[in-house]
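>>> Provide a 3D model corresponding to the input given below.
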Amino acid sequence: MFDLTGKVALVTGGNGGLGLAYGRGLVKCGAKVAVWGRNEEKNAAAVDELRSMGGEVEAFTCDVTDEADIKSNFAATIERFGQVDSCFANAGGAGFRGMSHLTSREAWLGAIDLNLMSVVHTFSAVTEHLLSRKAPGRLIVTSSVAAMVGTGGAAGYSTTKAAVIGLIQSLALELGQAGIRANAILPGFIETEMSMQTSQEFKDAQRRRSAIGRIGKLEDMEGIAVYLASDESDFMTGRCVILDGGHTIHPL
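Take a look at the predicted model:
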């Protein structure tokens, strides 16, 4: 079970954080991995790490807010690997900070481009490829528990992370009979380079809200990537997988 030998996974934002964690899990189970990221230095480091684990890996410098760049890098990915079987639309960001009613239209549209339209365009390229091959496939997006509970001062993040859940559910209905499954991962507070820059007070609050007494580790993200990319998840589509250590059940 969970053998990904011969499968190719595309991971956007795969050069660090959650995306690189997905890549580690995928490589451990035999998948070939295409890493998309904007930073060439981080791309190279991610490739070196994943190859040291025995993986067949290639990096592509891609800005997922640019539809033309997505199309050209997807073509390059297919030229390199011959196929894509699963796609993890993981690239994104926190977007603007501040009160929603004081935020400009441009800032809102920037958040939408980064966290929603990048997913739309990436999945469109992958879907066309899968349908042309008449092959089953997996579309997975990184959402967030912020889609469920909101984030004061960062409404653009919560809004766009909720929007991709609606997208996933629609794609599940549109593509299910073609053998394509679409699901979302909703992480809670995970120890990433970005999250560790928050205050100790905030990190302590996240730990207290956890039902298991700790915040998430990057290793916690590996298994779910493997499951959603594998044949074992074939009966699961249009669903949200919450990985938050029980954060959103609000324990006392």
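>>> next one: stretch 46-62 to chain centre, how far?
The chain centre lies 17 Å from the centre of stretch 46-62; the measure is CA atoms, centre = their mean, to the nearest Å.
>>> now tell me what touches that stretch from outside.
By CB atoms under 8 Å, 6 or more residues apart in numbering, the surrounding residues in contact with stretch 46-62 are 12, 14-16, 20, 23-24, 26-28, 31-38, 40, 43-44, 69-70, 73, 76-77, 80-81. Any C-beta I mention is one placed from the backbone N, CA and C, and that applies to glycine too.
>>> quote the end-to-end distance of it.
End-to-end distance of stretch 46-62: 15 Å, with CA to CA, to the nearest Å as the criterion.
>>> what do you get for stretch 27-47?
Taking CA to CA as the measure, stretch 27-47 stretches 11 Å from start to finish.
>>> residue nearest the centroid of this protein?
The residue lying closest to the centre of the chain (CA atoms, centre = their mean) is Asn90, at 2.4 Å.
>>> was I right to think it contacts Thr142?
Yes - Asn90 lies in contact with Thr142 (CB atoms under 8 Å); the separation is 4.3 Å.
>>> which residues do these two both contact?
13, 18-19.
>>> okay if I get these as CSV plus secondary structure and distance to Ala94?
Listed next are the shared contacts of Asn90 and Thr142 as CSV, based on DSSP: H, G, I helix; E, B strand; the rest coil; distance: CB to CB, whole Å:
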residue, secondary structure, distance to Ala94
Gly13, coil, 13
Leu18, helix, 13
Gly19, helix, 15
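>>> so Trp36 sits in a strand?
Yes - with DSSP: H, G, I helix; E, B strand; the rest coil as the criterion, Trp36 is assigned to a strand.
>>> next helix or strand past whichever helix or strand Val141 is part of?
For Val141, the host element (DSSP states H and E) is strand 137-142. Of the helices and strands lying after strand 137-142 in sequence (DSSP H and E), the nearest is helix 146-149.
>>> where do the helices sit along the chain?
With helices called from DSSP state H, the chain shows them at 17-28, 40-52, 67-81, 105-112, 118-133, 146-149, 155-175, 200-209, 222-229.
>>> and the second one, what's its mean pLDDT?
Read that as helix 40-52. The pLDDT scores in helix 40-52 average 97.
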